[in-house]
Each structure stands twice: as structure tokens, then as C-alpha cells.
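1. quick one: sequence and predicted model below, then my questions.
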Amino acid sequence: MNEVYQFLYKGGPVMIPIMLLSVIALAIFLERMWTLRRSTIAPEDIVEKVIGLLKAGKNEEAIFFCQANPSPLSKVLLTIIGNESASPEEILELAEETGKREAGSIGKYIEALGTIATVEPLLGLLGTVTGLIRAFQQVVYYAGEGAVDPGRLASGIWEALITTAAGLIIGIPCYIGYKYIASRADFLVSKIEEGGTTVFHFIKYRNREIPLNNLSNKNIPENTSGNNQ
């Protein structure tokens, strides 16, 4: 434990924001991992159950089912089912608004994690530059006394490089975590779009003989939610 403290101490004052941001990044990653679960964002069976209720003409039960199983996907479906009497254009507009709100919630804090991944190596570089400045200031000072200790110079340089190492050690995992969380969020948003589109087109064409498996997102140009930013 004492060795770790000495390592951080020798890195200089820049180590304080580096370590603080690492704690924040870890908290964001764990929170997003817990929040962005398929079961809480876009449950796999919710669209099938809603379609089954709509096929049976149980629209009110479909609404109650979505209300009893809250998730971003169910909120989009609830918007579509609850406004069935409106025109298709109005339903799409309302569903898109709901989808954008939910996509914003899904993408919350993700960019902050990406920012930390970018800033950490820069802080490490800053710490190294300031450390080198201090090291060479000492060289100049002792050179004025007629003696330059190579060991002192080497010690100052490796202590300055500690911050660069720390910035990279923290920044690289942060970037990997950021890309993973961002791709996970994009996947869940696409599942919300797919589910909302399927239910929308089932309602739109419910009086026609169109197989449900033809109502896939691949054949439908409209979206029901905004893309994750």
C-alpha cells in the first residue's frame, strides 16, 4: 500500500485529477452496465405478447400490459397503441418523439465516459511536461553550483513519466469501456425501433392479410425513435 502511495505521490499534483476521473469513469461504466440490460430496456417477448393481444382485439389489455411492464420499448408501444385512432403520420410523429426521449435516456453519461478516455492521456502528458520542467530546473540550479548529478536528472525524468503511464493505463480501458457501452446502447435503440415499427405496421395493416414476419424493420423505411448520439 505504501508503494502505491509513493508511486502516486511522485507523479505530482496532476495525479489527483487523473485518479479522480478514473473513479468517475468506473462509476459511469458500472452504472451503464447495470442500466443497459436487454430485460429492462427492450424485453425480447414484449412485442410478441402485444401483437398477440392486438390480434385478439384486446387493445385495452395490450395497453395495460405495457403499463404493467415499464421499459423504453413498452413506452414506445404504448404511444403507438394509445393513439391508434390517429392518422399514421401522427402516430409516427408521436412515436418518434417518445423514442427520442428514451434514446436520450439510454445514451446518458456515455459521452462523459468517452471524454474521460480522451482527457486521461492528455493529463498524463501534461504531468510529464510539468515534471520535466521541474527536473531541468533542478539541473540548472545544481549546475550553477558546479555539479550535475546524472542520477538526480534520471530520477526526475522517470518521476515525470509516471503521469503519462498512469494516463494511458486508465485511458485505454476507459476508451474500450466507452466503445462497448456505446455499441450496447446503439443495439438497444435499434431493438426499440424494430419493435415499435413492427407494432405500428401491424396496426396500420391489421385489416389486410399481411404475415407478421413480413413486417420486419428491413422492409420499412420509417423509424420510431431517434438514433443514439
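-> Great, that's in hand.

2. mind telling me which residue is nearest the centre of the protein?
-> Among the residues of the chain, Ile110 comes closest to the average C-alpha position under CA atoms, centre = their mean, at 3.1 Å.

3. what about Ala68, neighbour count?
-> Around Ala68 there are 8 other residues, counting by other CB atoms under 10 Å. (Glycine included, C-beta is placed from N, CA and C.)

4. which non-adjacent residue is nearest Leu73?
-> Closest residue to Leu73 apart from its sequence neighbours, by CB to CB, 6 or more residues apart in numbering: Ala42 at 4.2 Å.

5. whoops, Gly195 was the one
-> Nearest residue to Gly195, sequence neighbours excluded (CB to CB, 6+ apart): Val47, at 4.3 Å.

6. settle this for me: the one you found is touching Phe200, isn't it.
-> No. Val47 is not in contact with Phe200 according to CB atoms under 8 Å; the separation is 11.0 Å.

7. where does this protein have low pLDDT?
-> Low-confidence segments of the chain, defined by pLDDT under 70: 1-9, 141-152, 155, 206-229.

8. and the longest helix for it?
-> When the chain is parsed with DSSP state H, its longest helix is helix 150-204.

9. packing partners of it?
-> Packing partners of helix 150-204 (3 or more CB pairs under 8 Å, 6 or more residues apart in numbering; DSSP states H and E): helix 2-10, helix 15-35, helix 38-41, helix 46-55, helix 72-82, helix 88-106, helix 110-143.

10. and Pro43, what does it touch?
-> Asn69, Ser71, Leu73, Ser74 (CB atoms under 8 Å, 6 or more residues apart in numbering).

11. thought Ser190 was touching the third one, still the case?
-> Right, the one you point to is Leu73. No. The pair Leu73 / Ser190 is not scored as a contact, 11.2 Å apart, by CB under 8 Å.

12. those two: which has the busier surroundings?
-> Each of Leu73 and Ser190 had its neighbours counted (other CB under 10 Å), and the higher figure belongs to Leu73 (31 against 16).

13. for the more buried one, give me its contacts.
-> Here Leu73 is in contact with Ile41, Ala42, Pro43, Ile46, Val47, Lys191, Ile192, Gly195, Gly196 (CB under 8 Å, 6+ apart).

14. from the residues you listed, pick the one nearest Ala117.
-> Nearest to Ala117 among the contacts of Leu73, counting by CB to CB, is Ile41 at 23.3 Å.

15. what's the separation between the closest one and Leu30?
-> Distance, Ile41 to Leu30, using CB to CB, to the nearest Å: 17 Å.

16. of the two, who's got more company?
-> More neighbours surround Ile41 than the other of Ile41 and Leu30, with 21 against 11 (other CB under 10 Å).

17. the more buried one is in contact with Ser190, isn't it?
-> No. Assessed by CB under 8 Å, Ile41 is found out of contact with Ser190, at 11.1 Å.
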